[in-house]
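K.L.:
Give me coordinates for this.
(chains A and B)
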Protein chains: 2
Amino acid sequence: MDKQNRISPAVIRRLPKYYRYLGELNKVGINKTSSRELSEMTGFSASQIRQDLNNFGGFGQQGFGYDVENLRNEIAKILGLDKKYKIIIVGAGNIGQAIANYTGFYEADYEVVALFDKNPKLIGTSIRNALILDADDIEEFLAKEHIDIAVICTPKSVSQQVAEQLVKCGIRAIWNFAPKDLKMPEHVYVENVHLNESLFSLTYYYNQMRKKENE
Amino acid sequence: MDKQNRISPAVIRRLPKYYRYLGELNKVGINKTSSRELSEMTGFSASQIRQDLNNFGGFGQQGFGYDVENLRNEIAKILGLDKKYKIIIVGAGNIGQAIANYTGFYEADYEVVALFDKNPKLIGTSIRNALILDADDIEEFLAKEHIDIAVICTPKSVSQQVAEQLVKCGIRAIWNFAPKDLKMPEHVYVENVHLNESLFSLTYYYNQMRKKENE
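P.N.:
As a prediction, this is how the structure comes out:
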């Protein structure tokens, strides 16, 4: 087992943030950064950031800071953004269609191969280059095509059932937008999108602002 | 300034997670929990959790753990989930419509009052109890109605312009789904939904699984 297997989920979750902010620095032509600067951008402490990046051997030099492009490339490699991923989206309603149009897929080589839905009005139409196929044909499709990631955008009433079907067909990475936790075997990784966490943070800061004004 | 103003963004961001997991414990009838149990559920370390909750005076008793419902209620109060919020959604495309249907709004007293769009086919229709109004009427609408939170679901090409218009009309809390950072004055709080962070974590763990299998 390599060292990366022991890295805490919290660190892994911060890496995409570093990646994004490094991209922004890169875009405006800044080549060098420091844990202090990254701290101001991300809201994490500078020591936290140094510690996080040390997990991977560290990329900075004491007193010289980090090379923006190099650090960004290293994080991309750690996250696996230097590889190709084939994706299907199950459920082509509002969320499914929004995800099919999601520009974040261009950050790496993610390809939406197909969407699946039960709605006859949707089947046969396409979004960007991906066809919407009949949900009844998922198993047949997965028997032929190797798919890396399945996105679940179904109503929550069927999300567990859909996930089990996908896993039966060999899917081991699920991006779940249905607002219900999935019960999955150990060998399947589920990433839930919990918009609540974002909404509640917003609510907190909105209240803090209101309180300050009333002081 | 009260103590809560000095709490780091990272702590605030973890509270909704605790809130959600405490809700799950509550739902299955568990009344007591510990930082160790919360650690297993959330992936944060037990000492991190104790430290986070201590920011708010701490709710547990050494050796007795936390009362699930009490702790959940206290976190709700800290986040402001015990209050009412009026919301508008600007942009009634796929993402806007998905957000209008978002069940997370039921977790507290969030009310979607209206959506706004430029598409004549959408104007006059409604989602749940919220009408889709003409985007040209936003300013007039905001002059009459007090709105707490605006959700931006427009294309990124107009998101900055829309945000500036909202702020001019008194909006100070923005939930931004357009995939572009907004430049806003200090007195406005923007919460960006960055799906990348979730997708990249999924990508990392998917690769870890594949690596393990190849070992």
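K.L.:
Restrict the top strand by length along chain A to CA atoms and write it as PDB.
P.N.:
Ordering each strand of chain A by length in residues (DSSP state E) puts strand A:109-117 first. Taking C-alpha atoms only, strand A:109-117 is exported to PDB below (Å, rounded to 0.1, in the frame of the first residue of the first chain):
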ATOM      1  CA  ASP A 109     -10.700  14.100 -20.100                       C
ATOM      2  CA  TYR A 110     -14.300  13.300 -18.800                       C
ATOM      3  CA  GLU A 111     -16.600  12.100 -21.600                       C
ATOM      4  CA  VAL A 112     -20.400  11.800 -21.100                       C
ATOM      5  CA  VAL A 113     -21.100   8.800 -23.300                       C
ATOM      6  CA  ALA A 114     -24.800   8.500 -22.900                       C
ATOM      7  CA  LEU A 115     -27.800   9.500 -20.700                       C
ATOM      8  CA  PHE A 116     -30.600   7.100 -19.700                       C
ATOM      9  CA  ASP A 117     -34.200   7.900 -19.000                       C
END
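K.L.:
can you list the domain ranges for chain A.
P.N.:
Per the record, chain A has its domains at A:3-79, A:84-195, by automatic domain parsing.
K.L.:
With chain B in mind, check whether the longest one reaches it.
P.N.:
Yes: Domain A:84-195 comes into contact with chain B (Cβ under 8 Å from any Cβ of the partner chain), by way of A:85, A:93-95, A:97-98, A:101-105, A:107-108, A:110, A:148-149, A:156, A:172-173, A:175, A:179, A:181, A:187, A:189, A:191, A:193-195. Every residue, glycine included, has its C-beta placed from N, CA and C.
K.L.:
Narrow the residues you listed to those that are buried.
P.N.:
A:85, A:93-95, A:97-98, A:102, A:104-105, A:107-108, A:110, A:148-149, A:172-173, A:175, A:179, A:189, A:191, A:193-195 (16 or more other Cβ atoms under 10 Å in any protein chain shown).
K.L.:
Can you tell me which of those end up in strands?
P.N.:
Per DSSP E, these map to strands at A:Tyr85, A:Tyr110, A:Ile149, A:Ala173, A:Trp175, A:Tyr189, A:Glu191.
K.L.:
partners of the second one in the sheet?
P.N.:
Pointing back at A:Tyr110 there. A:Tyr85 (DSSP bridges).
K.L.:
In terms of pLDDT, where does it sit?
P.N.:
Listed pLDDT for A:Tyr110 reads 96.
K.L.:
check contacts around A:Phe64.
P.N.:
A:Lys32 (Cβ atoms under 8 Å, 6 or more residues apart in numbering or on different chains).
K.L.:
actually A:Leu79, not the one I typed
P.N.:
A:Leu79 touches A:Leu15, A:Pro16, A:Tyr19, B:Phe200, B:Thr203, B:Tyr204, B:Asn207, counting by Cβ under 8 Å, 6+ apart.
K.L.:
give me that answer again for 10 Å
P.N.:
A:Leu79 is in contact with A:12, A:15-16, A:19, A:107-108, B:199-205, B:207, counting by Cβ atoms under 10 Å, 6 or more residues apart in numbering or on different chains.
K.L.:
cool, and A:Leu22?
P.N.:
A:Leu22 touches A:30, A:33, A:38, A:41, A:66-76, counting by Cβ under 10 Å, 6+ apart.
K.L.:
Among those, which ones are in helices?
P.N.:
A:Leu38, A:Met41, A:Val68, A:Glu69, A:Asn70, A:Leu71, A:Arg72, A:Asn73, A:Glu74, A:Ile75, A:Ala76 (DSSP state H).
K.L.:
Compare the residues you listed and tell me which has the most neighbours.
P.N.:
Among the ones in helices among the contacts of A:Leu22, A:Leu38 has the most neighbours (other Cβ atoms under 10 Å in any protein chain shown), with 26 neighbours.
K.L.:
Is that one in contact with A:Ala46, as I believe?
P.N.:
Yes: using Cβ atoms under 10 Å as the test, A:Leu38 is close enough to A:Ala46 to be in contact (7.5 Å).
K.L.:
So which of the ones in helices among the contacts of A:Leu22 sits lowest on pLDDT?
P.N.:
Ranking the ones in helices among the contacts of A:Leu22 by pLDDT, A:Met41 lands last with 81.
K.L.:
what's the spacing between that one and chain B?
P.N.:
Noted for A:Met41: a distance of 11 Å to chain B, by Cβ to the nearest Cβ, to the nearest Å.
K.L.:
ok, for that residue, nearest residue in space, not its chain neighbours?
P.N.:
Leaving aside its sequence neighbours, A:Met41 sits nearest to A:Tyr21 (Cβ to Cβ, 6 or more residues apart in numbering or on different chains; 4.6 Å).
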